[in-house]
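In: Here is the input, now give the coordinates:
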Amino acid sequence: MVQSIDKAHYTTTELDRLAQDLNRDGICVIRGLFDKKLIEEWAQAFEKLFRERQNQLGGLAPREVARYYLTFPWVLPFANELVFANPTILGILDRVFFQEYVMVQLGADIPVQGSDYQEIHRDFRPLFSDQIVTPLYALAVNFPLVEVTEENGPFQMARGTHFLSRDEGLAKIASGEIPMESFYMQSGDAIIRSPLALHRGSPNRTYQPRPMVVMGYVMHWLHTAKVDLTVPRDYYESLPEKLRQLLRCQVVEQLPKEKVETYINFKY
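Out: Reported below is the predicted structural model:
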């Protein structure tokens, strides 16, 4: 397994800037965060897992036409504290979250050939109403397992719409005042984004699936019924206490052989 993966070595000033970008725009882009060998390991393991889930009833959650979501099992290479507790990622989260936070999700969004533009949506409901602007209380960390190009379905988002009501954000997008921006990514790049910012997936016109890993982090008090982490006891107990506290998870003696996806309704 690749060990040296945090390539970026961001300074305190750079972490401050990324946190400012995230608060202002609802997204920040971290270039070259992970070693490409790590991404290759994940990509190979994903390919095998995706084929298995395709042949399993309920093994993939639908995300509109020719687009899927799956939860990663907490095994190597996916179970890696140098990824989910990456110092650069946590350095940014520490600057944005005002209280203790936990990781609640490890999965992938996968458009395949035949996918279309998703409906513009949010991943979370507003905390109170969308007339009340709140600090960031939930964040998604995304990194692709292949290069993201115009052809294979880049993630698209409208910057700053996490501050707006849904109707106001959609109106500004429709008028062209706020563009839907495509985020092209190289192997090893990552983004951190607010799930309240209006976004969508775009069509994958290639033969290859475009897996985008999603790691979800939320303030410790937020209820997240749709996503879950199930972690083997031997791995969980091998972690230092600080990392155990980072994971909101079910600890089991042995992982189930099959996973039935329950995260079906994903748009707000």
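In: Now that we're looking at the residue lying closest to residue 239 once chain neighbours are set aside, what pLDDT does it have?
Out: Of all residues not flanking residue 239 in the chain, residue 81 sits nearest, at 6.6 Å (C-beta to C-beta, 6 or more residues apart in numbering). All C-beta atoms are positioned from the backbone trio N, CA, C, and that covers glycine. Note on residue 81: pLDDT of 96.
In: next one: residue 260
Out: 88.
In: Give me the neighbour count for it.
Out: Counted with other C-beta atoms under 10 Å, the neighbours of residue 260 add up to 12.
In: Would you confirm that residue 104 contacts residue 263?
Out: No. Counting by C-beta atoms under 8 Å, residue 104 does not reach residue 263; the two are 11.1 Å apart.
In: So these two - more neighbours on which side?
Out: Neighbours were counted for residue 104 and for residue 263 using other C-beta under 10 Å; residue 104 has more, 20 against 17.
In: Which strand or helix spans that one?
Out: Using DSSP states H and E, residue 104 sits within strand 101-111.
In: and what of residue 28?
Out: Residue-wise, residue 28 maps onto strand 27-30 under DSSP H and E.
In: Rounded mean pLDDT for that strand, please.
Out: 98.
In: number of nearby residues for the residue lying closest to residue 79 once chain neighbours are set aside?
Out: Closest residue to residue 79 apart from its sequence neighbours, by C-beta to C-beta, 6+ apart: residue 235 at 5.8 Å. Residue 235: 15 surrounding residues under other C-beta under 10 Å.
In: Just the pLDDT for residue 235.
Out: Confidence at residue 235, expressed as pLDDT, is 97.
In: Next, work out how far apart it and residue 194 are.
Out: Residue 235 sits 30 Å away from residue 194, taking C-beta to C-beta, to the nearest Å as the criterion.
In: returning to what we had before: need the overlap of contacts for residue 104 and residue 263.
Out: Shared between the contact lists of residue 104 and residue 263 (criterion: C-beta atoms under 8 Å, 6 or more residues apart in numbering) are residues residue 227.
In: Show me where the protein has its strands.
Out: Along the chain, the stretches classed as strands by DSSP state E are 27-30, 61-62, 67-71, 101-111, 138-144, 155-157, 181-183, 190-193, 199-201, 212-219, 230-232, 250-252.
In: mind checking which of these is nearest residue 88?
Out: Nearest to residue 88 among the strands of the chain is strand 27-30 (6.3 Å), distances taken as C-beta to C-beta.
In: partners of that closest one, with directions?
Out: strand 190-193 (antiparallel) (DSSP bridges).
In: And the contacts of the partner strand?
Out: 18, 22, 26-30, 33-34, 89, 92-93, 139-143, 155, 157, 183, 185, 199.
In: And the contacts of stretch 23-33?
Out: In contact with stretch 23-33 (C-beta under 8 Å, 6+ apart) are residues 6-8, 10, 18-19, 21-22, 86, 88-89, 92, 96, 136, 143, 157, 159-163, 183, 185-186, 188-194, 196-197.
In: and the lowest-mean-pLDDT helix or strand in the chain, what does it pack onto?
Out: When the helices and strands of the chain are scored by mean pLDDT, DSSP states H and E, strand 61-62 comes last with a mean of 94. Strand 61-62 is packed against strand 67-71, with contacts defined by 3 or more C-beta pairs under 8 Å, 6 or more residues apart in numbering; DSSP states H and E.
In: average pLDDT across the strand it packs on?
Out: Across strand 67-71, the average pLDDT comes to 96.
In: same thing with stretch 149-157?
Out: pLDDT averaged over stretch 149-157 gives 98.
In: Return the per-residue confidence for residue 5.
Out: For residue 5, pLDDT reads 45.
In: coming back round to it: unless I'm mixing things up, the residue nearest to residue 239 is touching residue 238, no?
Out: No. Using C-beta under 8 Å, residue 81 is not in contact with residue 238; the gap is 9.4 Å.
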